[in-house]
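*Asks:* sharing a sequence plus its predicted fold:
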Amino acid sequence: MQRKVTKAIFPVAGLGTRFLPATKSVPKEIMTLVDRPLIQYAIDEARAAGIEDFIFVTARGKSALEDYFDVSPDLEAELEKAGKTDLLEVLQATNMESGTIAYLRQHKALGLGHAVACARKLIGDEPFAVMLPDDVISGPKPCLQQMVEAYEETGGAMVAAMEVSPQQASLYGVLDVAEQNGPLARVQGMVEKPPLGEAPSNLVVIGRYILTPQIMRNLEDIERGAGGEIQLTDAIAAEITAGRDVYGYRFDGQRYDCGSKAGFLQATVAFALSRPDLRDEFSDFLSEMHATRQAAQ
């Protein structure tokens, strides 16, 4: 039996420049889909997968992210006094117990691999997950939970994978698949952002990983890769070179790239339409907008 995955790293040090000017004062991870910040979706997914220790790799200007997970005694007291128990429960669900959450600073923007390596002392000799809050995934079962269940059978390193168009493959880490078994693909190679037309497949890595402690040692040894950054993909590819197992997991669900404006808006619409308290009114609004545009054309 594989050692249980109970730690997760959340790399949240990015500047969020694609969402300026909002991210001048608000961390991108605090921006909301309907009424919940991006980071809350990631935390809820991690909890469902059995994660107990949450490690945030942050940067200067992210104090609002830390405040979000702190208790708010005055607000809780006001809600309790007003008898708003439903809102009180929603608020208390965002609190993180002391000792379960840690914050580390990434002082230089040297890539995802470097951000993950910042947490090596807290990971020790345990397997761990990495979650990128920009990737919001909805499905019948949380994505990381699906992966943890598969990892308990396979071990090794595992990355969440999805198919994209050949034109989009150059934007991602791409898998070279040796063997496919249901949702699992045994990987024989990985390439980070290959030139257009040179990708080994259209199966790409998105922001969910389950990794072995050996990955931390690989990150210490590899040289800077694509973009002059320390690439997590390269550290995982080193596992393949060493003859150790790496898998791509085709998760069951819909992924939204909330690191882009279009993806963020798509996710907002999808999540709003999934809410019973919003569905009818919002759907009517969208229908009216569509009718108005059709008439204008």
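*Replies:* That came through fine.
*Asks:* what ranges of the protein fall below the confidence cut-off?
*Replies:* 1-2, 224-228 (pLDDT under 70).
*Asks:* show me the helices in it, by range?
*Replies:* Taking DSSP state H to define them, one finds helices in the chain at 38-48, 63-68, 73-81, 85-92, 112-117, 120-123, 143-154, 214-221, 232-241, 261-273, 279-296.
*Asks:* of all those helices, which lies closest to Asp176?
*Replies:* For these, proximity to Asp176 was assessed by Cβ to Cβ; helix 232-241 is nearest, at 8.8 Å. All C-beta atoms are positioned from the backbone trio N, CA, C, and that covers glycine.
*Asks:* tell me what that closest one is packed against?
*Replies:* Helices and strands touching helix 232-241, by 3 or more Cβ pairs under 8 Å, 6 or more residues apart in numbering; DSSP states H and E, are helix 112-117, strand 157-163, strand 184-192, strand 203-211, helix 214-221, strand 246-250.
*Asks:* pull the first one out as CSV, backbone CA atoms only.
*Replies:* The C-alpha coordinates for helix 112-117 follow below in CSV (Å, rounded to 0.1, in the frame of the first residue of the first chain):
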residue,chain,number,x,y,z
LEU,A,112,6.7,26.5,-10.9
GLY,A,113,9.5,24.1,-10.1
HIS,A,114,11.2,26.7,-8.0
ALA,A,115,8.0,27.5,-6.1
VAL,A,116,7.4,23.8,-5.3
ALA,A,117,11.0,23.4,-4.2
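*Asks:* pull the number of nearby residues for Lys108.
*Replies:* 9 (other Cβ atoms under 10 Å).
*Asks:* now do Ser25
*Replies:* 8.
*Asks:* quick check, central residue of this protein?
*Replies:* Geometric centre of the chain, nearest residue: Leu132, 2.5 Å, by Cα atoms, centre = their mean.
*Asks:* isn't that residue up against Ile9?
*Replies:* No: in this structure, Leu132 is not within contact of Ile9 by Cβ atoms under 8 Å, at 9.8 Å.
*Asks:* returning to what we had before: quick one, which of the helices of the chain is nearest to Gly189?
*Replies:* In terms of Cβ to Cβ, the element of the helices of the chain nearest to Gly189 is helix 232-241, at 6.3 Å.
*Asks:* what residues of that closest one count as buried?
*Replies:* Neighbour counts over helix 232-241 (16 or more other Cβ atoms under 10 Å) mark 232-240 as buried.
*Asks:* reformat those residues as CSV; add distance to Arg47.
*Replies:* As requested, the buried residues of helix 232-241 are arranged in CSV below (distance: Cβ to Cβ, whole Å):
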residue, distance to Arg47
Leu232, 23
Thr233, 27
Asp234, 30
Ala235, 26
Ile236, 25
Ala237, 30
Ala238, 31
Glu239, 28
Ile240, 31
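*Asks:* looking at those, which is nearest Glu97?
*Replies:* Within these, the smallest distance to Glu97 is 28.5 Å, found for Leu232 (Cβ to Cβ).
*Asks:* that older thread, ok, the residue nearest to the centre of the chain - contacts?
*Replies:* 10-11, 42, 112, 206-208 (Cβ atoms under 8 Å, 6 or more residues apart in numbering).
*Asks:* now do Thr212
*Replies:* Contacts of Thr212 by Cβ under 8 Å, 6+ apart are 127, 156-157, 239, 244.
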